[in-house]
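Undergrad: Test case, fold it:
(chains A and B)
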There are 2 protein chains.
Amino acid sequence: MTAPAQPFYFPAPRAQKYCSQCSHPISMRIPPDDNRLRAVCEHCGAVHYQNPRNVVGVLPIWQNKVLLCRRAIEPRHGKWTLPAGFMELGETTAQGAMRETQEEAGAQIELGPLYTVIDVPYAEQVHFFYLAKVLSEDLFPGPESLEAAFFSLDDIPWNDLAFRTVTTTLEHYVRDAEKGLFPIHHYDIPIPFSDKAG
Amino acid sequence: MTAPAQPFYFPAPRAQKYCSQCSHPISMRIPPDDNRLRAVCEHCGAVHYQNPRNVVGVLPIWQNKVLLCRRAIEPRHGKWTLPAGFMELGETTAQGAMRETQEEAGAQIELGPLYTVIDVPYAEQVHFFYLAKVLSEDLFPGPESLEAAFFSLDDIPWNDLAFRTVTTTLEHYVRDAEKGLFPIHHYDIPIPFSDKAG
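TA: All right, here's what the predicted structure looks like:
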């Protein structure tokens, strides 16, 4: 057996070496009337701002069971997650959440209200999860999912969840389901201990 | 009189011509396992994803009056706004909202709960406004503000507000103040009629 070839394409990292407008090498400096270091082009004057990204997803319910997808991609390959992904240009958080549910689970849903809004500053992200009602038991998981399945609230695979925003959103849901009230929750995920240590 | 010189620095636009990693010209194509056009480098393989930005701000209250800033910068130069600006890497929405209040109004505040979360898809943005209590009447507006001032709810300059997310956040506040209850509001701003026509 030979190892599979490295894929050619990769997501461009935050750190940039060349100007996207004129291809001149980048300088890191504080522009006039600004107060932090930016990737600046001293040739054409372009300032390359960078900002946090939004992750948008759904907590889909079918007959008191929650729909989870098992990830076929890194990070957290093989772990269970709520359908979610990066918000795209031109869409709302709700539209992005529905798109991700279609792409990852192939589930038909009726979107409900925004349920959790979670700041994840160490990942440079904000996560949004909507409640949703699943309209049909039929699932058609896409290439980013190994499988998609329904779990009763007593059988959620807590030790095999992919992300802390998924875990905390499900924890809120289990608590709120006891009361039958599902208000919006907004909170931060502090830096993980392992990242602090490492 | 001579016209002022054009400033040298400018924000890099979304459209990019060269790869930030290797300076090779960009191709617009759909990468493998993707479903939309991206700025791709066929030389080094970098895929340059772009995502919506978050705007974070505050609705600051001092003795039943709301603190507004008059913009010294484009867009909407001379119009009144709530203190707000682009969320930066490494901060939470709350930290960003407090930073913008300091930069634009120089106001001392005690941050309250998240109040409005507004999808603005045509601007490729999501806006967040927090309630806040102003702790001192002293204001020190920064270079992005012509002035900062307190307005009673009866005197809000509705026709001179800078952005629809500011107008709608203030409208919610005026209505909620009558009831004394300030729940979180989540909604979309649809595409403006003038943009549709033009």
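Undergrad: Relative to the strand ranked longest in chain A, what are the paired strands and their orientations?
TA: Criterion DSSP state E: the longest strand present in chain A is strand A:109-120. Here strand A:109-120 is paired, per DSSP bridges, with strand A:125-134 (antiparallel), strand A:185-188 (parallel).
Undergrad: Just say which of these is most tucked in.
TA: Most buried of the strands paired with strand A:109-120, by mean neighbour count (mean count of other CB atoms under 10 Å in any protein chain shown): strand A:125-134, with a mean of 23. From N, CA and C alone the C-beta is placed, and that goes for glycine too.
Undergrad: what pLDDT does A:Pro113 get?
TA: A:Pro113 is assigned 98 on the pLDDT scale.
Undergrad: Not counting sequence-adjacent ones, nearest residue to it?
TA: Setting aside the residues directly before and after it, A:Pro113 is nearest to A:Leu131 in space (CB to CB, 6 or more residues apart in numbering or on different chains), at 5.9 Å.
Undergrad: contacting residues for the one you found?
TA: A:Leu131 is in contact with A:58-59, A:61, A:111-113, A:115, A:182, counting by CB atoms under 8 Å, 6 or more residues apart in numbering or on different chains.
Undergrad: Helices along chain A, start to end?
TA: Taking DSSP state H as the test, the helices found in chain A are A:93-105, A:164-179, A:193-197.
Undergrad: so which of these gets nearest chain B?
TA: Chain B lies closest to helix A:93-105 among these, at 5.5 Å (CB to the nearest CB).
Undergrad: and the residue lying farthest from the centre of chain A, what does it touch?
TA: The C-alpha centroid of chain A is most remote from A:His43, which lies 36.0 Å away (CA atoms, centre = their mean). Counting by CB under 8 Å, 6+ apart, A:His43 makes contact with A:19, A:22, A:24.
Undergrad: What about these, which one has the most neighbours?
TA: For these, neighbours were counted by other CB atoms under 10 Å in any protein chain shown; the highest total belongs to A:Cys19, with 26 neighbours.
Undergrad: quick one: pLDDT of it?
TA: 98.
Undergrad: What of A:Lys179?
TA: Looking at A:Lys179, its pLDDT is 96.
Undergrad: Near it, how many other residues are there?
TA: A:Lys179: 8 neighbours (other CB under 10 Å).
Undergrad: got it, and the one 3 residues further on?
TA: Other residues within reach of A:Phe182, judged by other CB under 10 Å, total 15.
Undergrad: Next: A:Glu178.
TA: Other residues near A:Glu178 come to 8 when the count uses other CB under 10 Å.
Undergrad: which residue is nearest the centroid of chain A?
TA: A:Val55 (3.5 Å).
Undergrad: related to what we said a few turns ago, with distance to chain B added, can I get the contacts of A:His43 in CSV?
TA: Formatted as CSV, the contacts of A:His43 follow (distance: CB to the nearest CB, whole Å):
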residue, distance to chain B
A:Cys19, 7
A:Cys22, 7
A:His24, 8
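Undergrad: With distance to B:Ala84 as extra columns, can I get those residues in CSV?
TA: Shown next, in CSV, are those (distance: CB to CB, whole Å):
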residue, distance to B:Ala84
A:Cys19, 29
A:Cys22, 31
A:His24, 33
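Undergrad: Help me confirm that A:Trp80 comes into contact with A:Cys69.
TA: Yes - under the criterion of CB atoms under 8 Å, A:Trp80 makes contact with A:Cys69 at 7.0 Å.
Undergrad: which of the two has more neighbours?
TA: Ranked by neighbour count (other CB under 10 Å), A:Trp80 and A:Cys69 place A:Cys69 first, with 29 against 26.
Undergrad: got the contact list for the nearest residue in space to A:Val117 that is not next to it in sequence?
TA: Ranked by CB to CB, 6+ apart and with sequence neighbours excluded, the top spatial neighbour of A:Val117 is A:His186, at 4.5 Å. Listed by CB under 8 Å, 6+ apart, the contact set of A:His186 reads A:116-118, B:113-114, B:184.
Undergrad: what's the answer for A:His185, then?
TA: Residues near A:His185 by CB under 8 Å, 6+ apart: A:115-117, A:172.
Undergrad: which intervals of chain A have sub-threshold pLDDT?
TA: Filtered on pLDDT under 70, chain A yields the residue ranges A:1-5, A:192-198.
Undergrad: Would you mind splitting it into its domains for me?
TA: Following automatic domain parsing, one gets these domains for chain A: A:16-50, A:53-188.
Undergrad: Rebuild those domains as CSV, extending it with distance to B:Met87.
TA: As requested, these are exported to CSV (distance: least, CB to CB, whole Å):
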stretch, distance to B:Met87
domain A:16-50, 11
domain A:53-188, 8
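Undergrad: looking at those domains, which is buried most?
TA: Sort those by mean neighbour count, taking mean count of other CB under 10 Å, and domain A:53-188 sits at the top with a mean of 18.
Undergrad: related to what we said a few turns ago, what's the separation between the residue farthest from the centre of chain A and chain B?
TA: 10 Å (CB to the nearest CB, to the nearest Å).
Undergrad: repeat for A:Gln21
TA: A:Gln21 sits 6 Å away from chain B, going by CB to the nearest CB.
Undergrad: Now that residue: closest residue in space, sequence neighbours ignored.
TA: A:Ala46 (4.5 Å).
Undergrad: Now do the contacts for that neighbour.
TA: The contact partners of A:Ala46, taken as CB under 8 Å, 6+ apart, are A:19-22, A:40, B:9-12.
Undergrad: Just the ones of these in strands?
TA: A:40, B:10-11.
Undergrad: What is the nearest of these to A:Leu161?
TA: B:Pro11 (38.4 Å; CB to CB).
Undergrad: Could you figure out how far the longest strand of chain A is turned away from helix B:93-105?
TA: With axes from the mean of the first three to the mean of the last three CA atoms, to 10 degrees defining the directions, strand A:109-120 sits at 70 degrees from helix B:93-105.
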